[in-house]
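[1] here's my sequence, what's the structure:
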Amino acid sequence: MGGITGKKKFLGAAVFFLCAALSHAGPLSGTKQIWLANPQGERVEFGRVTFTPQPDGSARFKLEVTGNLGEYFLAMRPFRCLAGEREHLCWFPYEVEPVVTEQDLTPLEYSLMFLRKKPAALHLNPADGIYYRLKVTPQGLEGKLYEVDMDPIVVPGEDRKRPIKPGMLYETDGASHWLPRLVIEQGGGK
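    Sure thing, here's the model as predicted:
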């Protein structure tokens, strides 16, 4: 009889700790897949990000590009680009301290910036920047596409920590872009 009671207590404790662990597996914890998507249902894998929660409530992140990016030599330097029929998205990350909170996802946004170009174009224009503004969702994180002039990053000014200001982001019609949505979720964005 004592054995059954002990097993019930053990099972109850195991269920409690499992539920506690799952409740803490929020959007800024663990490894998540990064996808770029469009309303037509096309999804392109970009990579994954691993979040490590910190005692102060923030999370350190590490980005790993795993998608099918081609190597291109543009603007006198190598770029890794996603090649689409209508446009290429060339990854243009900006180095910042890799720490985010649910209220401030800007460092991750800076790590997920792109420059777009026509497939046949040989050069990149800083005015053709793509910035995905992230928000927390029940599934993880979702980024909405904004256009931005990357000139403050290409030609650094006084604010080197965060040169892109919210007023520099231009809302655009998602239909005019190949992949207007960025999704960061456990298992990948649908």
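
[2] quick one, phi psi at the residue most central in space within the chain?
    Nearest to the centroid of the C-alpha atoms of the chain, with distances taken as C-alpha atoms, centre = their mean, sits residue 112, at 5.4 Å. In terms of degrees, to the nearest 10, the main-chain angles of residue 112 are phi -120, psi 30.

[3] which residues of this protein fall in helices?
    2-24, 106-111, 151-154 (DSSP state H).

[4] can you measure across stretch 124-135, start residue to end residue?
    With C-alpha to C-alpha, to the nearest Å applied, stretch 124-135 spans 28 Å between its terminal residues.

[5] got a list of contacts for the longest strand seen in the chain?
    Longest strand in the chain, counting residues (DSSP state E): strand 43-53. Applying C-beta atoms under 8 Å, 6 or more residues apart in numbering, the set of residues contacting strand 43-53 from outside is 24, 28-37, 59-69, 82, 84, 100, 108, 112, 179, 182-184, 188-190. (C-beta placed from N, C-alpha, C; glycine too.)

[6] restricted to strands, list the residues you listed.
    Applying DSSP E to the contacts of strand 43-53, the entries found in strands are 30-37, 59-65, 82, 100, 182-184.

[7] now do the same contact list for residue 71.
    Shown here is residue 71, whose contacts under the criterion C-beta under 8 Å, 6+ apart are 78-80.

[8] show the average pLDDT along stretch 167-175.
    Per-residue pLDDT values across stretch 167-175 average out to 90.

[9] again with stretch 129-138
    Along stretch 129-138, the predicted local confidence has a mean pLDDT of 96.

[10] buried ones in that stretch?
    For stretch 129-138, a neighbour-count test (16 or more other C-beta atoms under 10 Å) marks 129-134 as buried.

[11] show me where pLDDT drops low in the protein?
    With pLDDT under 70 as the threshold, the chain has low-confidence stretches at 1-25, 156-157, 159, 188-190.

[12] let's see 80
    Within the chain, the ranges that satisfy pLDDT under 80 run 1-25, 67, 74-77, 154-160, 187-190.

[13] returning to that earlier point: can you flag the buried ones in the ones in strands among the contacts of strand 43-53?
    If you count burial by 16+ other C-beta under 10 Å, the buried members of those come out as 32-37, 59, 61, 63, 82, 100, 182-184.

[14] the residues you listed: which two are farthest apart?
    Spatial extent of those (C-beta to C-beta) is set by the pair 59 and 82 at 26.0 Å.
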